[in-house]
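Undergrad: I would like the atomic coordinates for the input below:
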Amino acid sequence: MNIAIIGYGKMGKLLEVRALERGHQVVGIVEPYTLDKTSLSGSVICKTIAELKEPDLGIEFTRPDTAVPNIKDLINRKIPVLVGTTGWYDQLDQVKQAVENAGASLLWASNFSLGVHLFYRIAGFAAKLADPFPEYDVGGWEAHHNKKADSPSGTAKTLVERVLAEMTRKQKPVWEILQRPPAAEELHYPSLRLGSAPGIHTLIFDSPADTIEITHTARNREGLVSGALTAAEWLLSCPRPGGPAGEARRGVFTIDDVLGSPL
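TA: Numbers count the residues shown, from 1 in each chain. Next up is the predicted model:
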């Protein structure tokens, strides 16, 4: 694949290295907040998406406030886009409509790590098992590095959605600090921003007698990068039935489409 990387922070730099190791080409990088004209590998750094040549796909890891304009710029140029930025999902319906109108390709996820998606399913199954036992209250917390722009994390939101889908006695998430006892139907899931932690998510089932905890801890960004590149390869690998190999799938997809039946 000829890849354009949108955003050249820690994720973008690691994406560049791992993409090259997997035999792909990085044909452009978009990063408006740098004076450098080339990346560490020699790829051209552009200020805007309009300056890109013709990549096969754009991988977007930036900020919530820039993600949607970047997505629209890419799909308007018919460049398939994979988005790992979180915090913009209040505009997801608008983006889906834009993708449909443009006949474009979008793959998004709150987290591209395989381990996180195993964690989602384990947590959902645990919630289903615990639901008939009201003595086990349910809640949790998440922690990320102090440079993360959004709170709660997209991973936390997806986790809580999966848990609530499996429970009858928990119906509403509460993300903020509480100055009162939570209601019985509320699931409290606050956030911590501290240091350099790539991401910690814990789900807790607590009773007067004991506590059950399920935790996913990211040691680094490698899982995110590996999953993002696998998803990018999938997006370009097998289009509509009967379509030519190498053409992008058209429409809006998530990591669940990539992982398919194994999960």
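Undergrad: Does anything pack onto the helix or strand harbouring Leu107? Which helices or strands?
TA: Using DSSP states H and E, Leu107 falls within strand 105-108. Other helices and strands packing on strand 105-108, by 3 or more CB pairs under 8 Å, 6 or more residues apart in numbering; DSSP states H and E, are helix 64-76, strand 81-83, helix 92-102, helix 222-237, strand 251-254, helix 255-259. All C-beta atoms are positioned from the backbone trio N, CA, C, and that covers glycine.
Undergrad: Can you tell me what sits against it?
TA: Applying CB atoms under 8 Å, 6 or more residues apart in numbering, the external contacts of strand 105-108 come out as 71, 75, 80-84, 92, 95-96, 99, 231-232, 234-235, 248-255, 257-258.
Undergrad: try it again with 7 Å
TA: Contacting residues not belonging to strand 105-108 are listed as 71, 75, 80-83, 95, 99, 231, 235, 248-254 [CB atoms under 7 Å, 6 or more residues apart in numbering].
Undergrad: And the chain, what are its domain boundaries?
TA: According to automatic domain parsing, the chain comprises the domains 2-112+222-259, 114-217.
Undergrad: hmm, which of the contacts of strand 105-108 are the buried ones?
TA: Buried positions within those, assessed by neighbour count (16 or more other CB atoms under 10 Å), are 71, 75, 80-83, 95, 99, 231, 235, 248-250, 252-253.
Undergrad: just these now: which is nearest His117?
TA: Ala231 (11.3 Å; CB to CB).
Undergrad: Lowest-scoring secondary structure element of this protein by mean pLDDT?
TA: Ranked by mean pLDDT, DSSP states H and E, the weakest helix or strand in the chain is helix 255-259, scoring a mean of 92.
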